[in-house]
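[1] could you work out the structure for the sequence below:
(2 chains)
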Number of protein chains: 2
Amino acid sequence: MPLMSNSERDKLESTLRRRFFYTPSFEIYGGVSGLFDLGPPGCQLQNNLIRLWREHFIMEENMLQVDGPMLTPYDVLKTSGHVDKFTDWMCRNPKTGEYYRADHLIEQTLKKRLLDKDVNPQDMKNMEKILTTIDGFSGPELNLVMQEYNINDPVTNDVLDALTSFNLMFETKIGASGQLKAFLRPETAQGQFLNFNKLLEINQGKIPFASASIGKSFRNEISPRSGLLRVREFLMAEIEHFVDPLNKSHAKFNEVLNEEIPLLSRRLQESGEVQLPVKMTIGEAVNSGMVENETLGYFMARVHQFLLNIGINKDKFRFRQHLKNEMAHYATDCWDGEILTSYGWIECVGCADRAAFDLTVHSKKTGRSLTVKQKLDTPKERTEWVVEVNKKFFGSKFKQKAKLIESVLSKFSQDELIRRHEELEKNGEFTCQVNGQIVKLDSSLVTIKMKTTLQHIREYIPNVIEPSFGLGRIIYCIFDHCFQVRVDSESRGFFSFPLQIAPIKVFVTTISNNDGFPAILKRISQALRKREIYFKIDDSNTSIGKKYARNDELGTPFGITIDFETIKDQTVTLRERNSMRQVRGTITDVISTIDKMLHNPDESDWDKSTFGLSPVKI
Amino acid sequence: MPLMSNSERDKLESTLRRRFFYTPSFEIYGGVSGLFDLGPPGCQLQNNLIRLWREHFIMEENMLQVDGPMLTPYDVLKTSGHVDKFTDWMCRNPKTGEYYRADHLIEQTLKKRLLDKDVNPQDMKNMEKILTTIDGFSGPELNLVMQEYNINDPVTNDVLDALTSFNLMFETKIGASGQLKAFLRPETAQGQFLNFNKLLEINQGKIPFASASIGKSFRNEISPRSGLLRVREFLMAEIEHFVDPLNKSHAKFNEVLNEEIPLLSRRLQESGEVQLPVKMTIGEAVNSGMVENETLGYFMARVHQFLLNIGINKDKFRFRQHLKNEMAHYATDCWDGEILTSYGWIECVGCADRAAFDLTVHSKKTGRSLTVKQKLDTPKERTEWVVEVNKKFFGSKFKQKAKLIESVLSKFSQDELIRRHEELEKNGEFTCQVNGQIVKLDSSLVTIKMKTTLQHIREYIPNVIEPSFGLGRIIYCIFDHCFQVRVDSESRGFFSFPLQIAPIKVFVTTISNNDGFPAILKRISQALRKREIYFKIDDSNTSIGKKYARNDELGTPFGITIDFETIKDQTVTLRERNSMRQVRGTITDVISTIDKMLHNPDESDWDKSTFGLSPVKI
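    Numbering: from 1, shown residues only, chains lettered A, B, ... in the order given. The predicted model follows:
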């Protein structure tokens, strides 16, 4: 599949703007980079995408949807790691005041230098290595590259300031006193983690299950470019699938076993060879250990199915595995669903096994248990170090502080208990810190020993498999993949959106003006509305050819044209967008043909569905 | 219609929380007041509400939907008036640091004092007057009331600080430099106004038309209480209907003419008598001039229809007209759709004629014309004052400044021109300011005179009729109006949601365990999924009575029960939530009966639809 040429991309983007699929926000005020409005066809497409996403994921898997606020208090995002780590490295031109995102600047500069004829093979290899692994670079690593390659301002060639780290969250304050610091959420996931106990409860304590959220998130990009692909406010859809860490199989894995997916594994990327993904069934990929577990594999397959359904070209999609340095320390595996556009490969879906990280940190911070309690069919013996206090002396010695000290002791890990046990054996006492004070404990007060108990309940923190979608980016990729230019003298552009995605399903028009037409238009409108088919009437005074072209530009798959014969015999023509073929039939037959194609994916084939109607020669 | 008792309200709210319709956000972190999460049934209900809203308004009227960002730059909201006027008055207890919203504090205090037995009739009258008109009070007016009535901290009785004004917008900064000040939008309307030219263009330059937005908006409430009714982040749906200021008729007004609506007019409120709304058809209301114009009346009728469709009790709804002091200075008429709940009358929908205010201010600020250009069938003569410059002398005298001066002159209003004309006549010259400098112009350089021209185009700024919905509040009102308690020994609560609003449409369950049941469950699931009917399987080990009660609490209208007969003859029982009646039929008949009731509002009647099925005695 060839990429779009620059002139095609210009044509695409001018079509998108002219037909108001989208526009820069606040344009009459000069605009704000990274913020866009969707106009009517863009909104309708987005609505369709959300509905399909909800059907494909939420309905199909009985996921538990949650809708929480974007305003998020500081503490939550401090715990989740975003306050410290949701950052990019940037550098500033001290003369112009312009800011650059360091990794993007390096990429842009090195890609340009690679095109240089004089570049020597070793340099070339080094630069290519940097380009493939830059996503995992730390700030100091980026700084080193900036210095080593003498990277200056790409416009003015000024020397740039040293890198600084920039937190990408928008900050605000809640309440009249202004003392509650908050951020706009960078993702929808945290709201799901925090509700884990409630979700588990309404799922009757059973695991696995998944929650899902659809909503806007925010990222204060340093200098956003590339249109809809890098924005400061974007629509996400995220799934948090909670599983038993000891059993990551998936009940429906056998349904997707044979789904063939292009996989660019970590090994392949690190090999430094030509980086073409390998087509492999998800069954093989999980079996060979390339994909860590069945649940992760199941979702990768379902994501793949979803993207192809909504208009993504199967030859312009791959799953790329995160490199070790790119992956969060707690994650066990992570694959990015990437889509190839004229801007290159765009990360649109992340599928990660986040292990128990999120629930663990929130539980630790809040002191609230976020666990699953599984009743064991056969109780299990468990032998472990325990600490026991001698109630008699302990209470009278420490008085009101006794409880607090006990609680500190009860939180010792096994390792800590072993160490204390050794101390007790050796010195007859050990010390511990309670609220900053040193407390001495001797063997008259405490005993530390191995104890075997019978466990009837297994209590564990579940692991999380997270498929996370950037719906806004996916919308742009649909535009990119569905835009086509007719091979004729007019070179008109059109969108070959799948039926379910197309903003408007049918346009209805008349060949010219006639007193008999309005009544027919009304009849057709009522019939379409009754079948919940979204349509538009094009009653402008334009040639029929222009009307077709105009509706093709909106990606409207079907056109019904009323002409003079319609008055006589109630027949109309039905036109298909991609092939421009036309058939003729009665109003009733034509509408029920459209209905069938729209509402039954198995019957969306034009030739089969219009078999009973008469072909029209154009 | 009686209001909910306190114990019923407690029962309602505990049901809503227990079944996770909603929960305070970030609860394990202690929560943040005014922020809530919707759980699975709440989300599903919200999804249904959005879909119905879109069908009833956007689809039915071919409105142009726009989806813009919440981040909004300072300039836009400065121009719209929000920076200066989107404020509440608050007062602080200097000892505790607690903040109170002044109008709420006054209301709460005076309502309590009215209950005092010793209150004298004149005081009572005064306090009642304050309570009915407080929505329009300015800061100084509120301050006066606070002093006159000695209103102190309601908890500690401390004397409070003087009132201060507090802007209710959340503030943040966009970009790495932190220099672009922005707010989270307080409404979705501005994004629609700013896109007016694009919307007009895709509507082929024709007017009237409407745009619409659905999305979150923000309001940094001073001290939010009353649960879901006063929140800091909320879902809105707003329509901006653009009309010709000289013609506010509506093409479909005759379709709603006879819609009867309870109207509480300004006159009635100001009369000081018992304030019961008057039931009146919208036709009469517009005809009598009580409602300012047809378009405003049309939307009020459509809003009324919508609210009754989605479960609002018709006897707990009214439209209340804004008092003069309550209405923005530019608005010509404004009615609040208010819903009566156990918290009193809640404003849920505002319908306002905002005249040309918004487009005018944005146009002035940006210098971009936001007008409709109407081609006149018969050109019109227009006589007005004009200024003409003598090119010959003007250019050579002012050189590169000539253009700027001309542009200043061209912006003079008719009044300003008349004044300059008089000066010229009297003194032979006049002065004007250009970029802060005084420029002298005499009659050799400019002429000011009356001139008659032929206008082929009428150019005007359209007026805006704005129906604005607080969807979150409407959701709470649906809960309040649909919650019922069975009159039996168990006093179980349930939600009588309309079919279209109910989160889950059908629950499917088995009478007990049997090897034959799973296959039947699967068959029923597939059939329901194919018809796009949202269902849940309840396969818990509970008594059938408990299962019914549990699904009634979710407002699920239909229940299908599989029992031992099903294995023999493929019949199941179908149960209706409100009446608890049951009928029996084959799986196929039962499912198609449900389908008919759900997808065809005319066939939602239980008795008629289940006519062919056998009644079951319970």
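[2] buried sites along stretch A:221-231?
    Buried positions in stretch A:221-231, judged by neighbour count with 16 or more other C-beta atoms under 10 Å in any protein chain shown: A:221, A:222, A:223, A:224, A:227, A:228, A:229, A:230, A:231. Bear in mind the C-beta positions are built from the backbone N, C-alpha and C, glycine included.
[3] could you restrict those residues to the ones contacting chain B?
    A:222, A:223 (C-beta under 8 Å from any C-beta of the partner chain).
[4] give me the subset of the buried residues of stretch A:221-231 lying in helices.
    Judged by DSSP state H, helices contain none of those.
[5] quick one, helices of the stretch 251-400 of chain A?
    A:253-256, A:266-270, A:282-287, A:294-309, A:357-366, A:391-398 (DSSP state H, counting those that start in this stretch).
[6] which two among the buried residues of stretch A:221-231 are spaced furthest apart?
    A:222 and A:228 (17.6 Å; C-beta to C-beta).
[7] if we can go back for a sec, of the helices of the stretch 251-400 of chain A, which is nearest residue A:382?
    helix A:357-366 (20.6 Å).
[8] against which helices or strands is that closest one packed?
    Judged by 3 or more C-beta pairs under 8 Å, 6 or more residues apart in numbering or on different chains; DSSP states H and E, helix A:357-366 is in contact with helix A:74-80, helix A:189-194, strand A:463-470.
[9] format the ones you listed as a markdown table; extra columns: mean neighbour count and mean pLDDT.
    Below are the helices and strands packed on helix A:357-366 laid out as a markdown table (neighbours: other C-beta atoms under 10 Å in any protein chain shown; pLDDT from 0 to 100):
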| stretch | mean neighbour count | mean pLDDT |
| --- | --- | --- |
| helix A:74-80 | 21 | 97 |
| helix A:189-194 | 24 | 97 |
| strand A:463-470 | 24 | 98 |
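[10] could you export these as JSON lines, including distance to chain B?
    Converted to JSON lines, these look like this (distance: least, C-beta to the nearest C-beta, whole Å):
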{"stretch": "helix A:74-80", "distance to chain B": "6"}
{"stretch": "helix A:189-194", "distance to chain B": "6"}
{"stretch": "strand A:463-470", "distance to chain B": "15"}
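[11] low-confidence ranges in chain A?
    Scanning chain A for pLDDT under 70 picks out A:1, A:272-274, A:618.
[12] one step back: tell me which of the helices and strands packed on helix A:357-366 approaches residue A:14 most closely.
    So among the helices and strands packed on helix A:357-366, strand A:463-470 is nearest, using C-beta to C-beta, at 24.1 Å.
[13] just the strands in the stretch 101-250 of chain A please.
    A:164-167, A:171-174, A:180-184, A:209-218, A:233-243 (DSSP state E, counting those that start in this stretch).
[14] which other residues reach the host helix or strand of residue A:521?
    Taking DSSP states H and E as the criterion, residue A:521 maps to helix A:517-530. The contact list for helix A:517-530 (C-beta atoms under 8 Å, 6 or more residues apart in numbering or on different chains) reads A:506, A:508, A:510, A:535, A:537, A:539, A:560, A:562, A:566-567, A:570, A:572, A:587-588, A:591, B:59.
[15] which among those count as buried?
    Of the contacts of helix A:517-530, these count as buried by 16+ other C-beta under 10 Å: A:506, A:508, A:510, A:535, A:537, A:560, A:562, A:566, A:572, A:587, A:591.
[16] now the first one. Its backbone dihedrals?
    What that stands for is residue A:506. Taking degrees, to the nearest 10, you get phi -140, psi 140 for the backbone angles of residue A:506.
[17] over to the third one?
    Note on residue A:510: its backbone torsions stand at phi -120, psi 150 [degrees, to the nearest 10].
[18] list the contacts of it.
    A:517, A:521, A:539, A:561, A:562, A:563.
[19] which members of the residues you listed are the farthest-apart pair?
    Counting by C-beta to C-beta, the most remote pair of the contacts of residue A:510 is A:539 and A:563, 14.1 Å apart.
[20] now do the contacts for residue A:370.
    Here residue A:370 is in contact with A:193, A:196, A:197, A:359, A:360, A:362, A:363, A:461, B:28 (C-beta under 8 Å, 6+ apart).
[21] just the buried subset of the residues you listed, written out for PyMOL, thanks.
    The PyMOL selection below is limited to those of the contacts of residue A:370 classed as buried (16+ other C-beta under 10 Å):
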select buried, (chain A and resi 193+196+359+362+363+461) or (chain B and resi 28)
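[22] would you turn the contacts of residue A:370 into JSON lines with distance to residue B:435?
    Output for the contacts of residue A:370, formatted as JSON lines (distance: C-beta to C-beta, whole Å):
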{"residue": "A:193", "distance to residue B:435": "58"}
{"residue": "A:196", "distance to residue B:435": "63"}
{"residue": "A:197", "distance to residue B:435": "65"}
{"residue": "A:359", "distance to residue B:435": "63"}
{"residue": "A:360", "distance to residue B:435": "64"}
{"residue": "A:362", "distance to residue B:435": "59"}
{"residue": "A:363", "distance to residue B:435": "64"}
{"residue": "A:461", "distance to residue B:435": "68"}
{"residue": "B:28", "distance to residue B:435": "60"}
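[23] how far away is whichever residue of the stretch 401-550 of chain A sits closest to chain B from residue A:547?
    Nearest to chain B, among the residues of the stretch 401-550 of chain A, is residue A:540, at 6.1 Å (C-beta to the nearest C-beta). Separation of residue A:540 from residue A:547 (C-beta to C-beta, to the nearest Å) stands at 7 Å.
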